[in-house]
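Trainee: give me coordinates for this.
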Amino acid sequence: MFSLEEKKKIADAVEKVLIEINHPEMPKDNPMFTLHVVGKKSWSYADILPNHTYKDTKPTITKWNENARLLMKGE
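Mentor: I've put the predicted structure just below:
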């Protein structure tokens with residue numbers, strides 16, 4: 001649903017909020033989370049993980065996700 005860059009931006013924002021809350025049960029850095037976002041279509045969704053989980057490997061890029069806006073403009 002989102003491009004790789006959009007997922008990175010969302011992950012950064014979620015991580016920032018989790019750290020700023022300063023909850024005693026949360027780590028001070030590199031919190032772990034999975035954000036499942038449901039789109040308006042049954043097949044439209046995104047799972048977003050923290051960016052720090054991709055240090056050693058790059059997440060796969062789905063060409064559909066990267067070009068989704070161009071394809072969906074006609075709706």
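
Trainee: the protein: strands as residue ranges?
Mentor: All strands of the chain, identified by DSSP state E, fall at 35-38, 45-48.

Trainee: winner for burial among those?
Mentor: Mean neighbours per residue, mean count of other Cβ atoms under 10 Å, is largest over the strands of the chain for strand 45-48, with a mean of 14. Yep, even glycine has a C-beta here, placed from its N, CA and C like the rest.

Trainee: lowest-pLDDT helix or strand in this structure?
Mentor: One helix or strand of the chain scores below all others by mean pLDDT, DSSP states H and E: helix 63-66, with a mean of 64.

Trainee: hmm, back to that, worst mean pLDDT among the strands of the chain?
Mentor: In terms of mean pLDDT, the lowest-scoring of those is strand 45-48 (a mean of 92).

Trainee: give the partner strands of that strand in its sheet and their orientations.
Mentor: Strand 45-48 pairs in its sheet with strand 35-38 (antiparallel), by DSSP bridges.

Trainee: outside of the partner strand, which residues touch it?
Mentor: Identification of contacts with strand 35-38 by Cβ atoms under 8 Å, 6 or more residues apart in numbering yields 1-2, 10-11, 14, 44-49.

Trainee: could those go into JSON lines alongside distance to Ile21?
Mentor: Formatted as JSON lines, the contacts of strand 35-38 follow (distance: Cβ to Cβ, whole Å):
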{"residue": "Met1", "distance to Ile21": "26"}
{"residue": "Phe2", "distance to Ile21": "24"}
{"residue": "Ile10", "distance to Ile21": "17"}
{"residue": "Ala11", "distance to Ile21": "16"}
{"residue": "Val14", "distance to Ile21": "11"}
{"residue": "Ser44", "distance to Ile21": "29"}
{"residue": "Tyr45", "distance to Ile21": "26"}
{"residue": "Ala46", "distance to Ile21": "23"}
{"residue": "Asp47", "distance to Ile21": "22"}
{"residue": "Ile48", "distance to Ile21": "18"}
{"residue": "Leu49", "distance to Ile21": "19"}
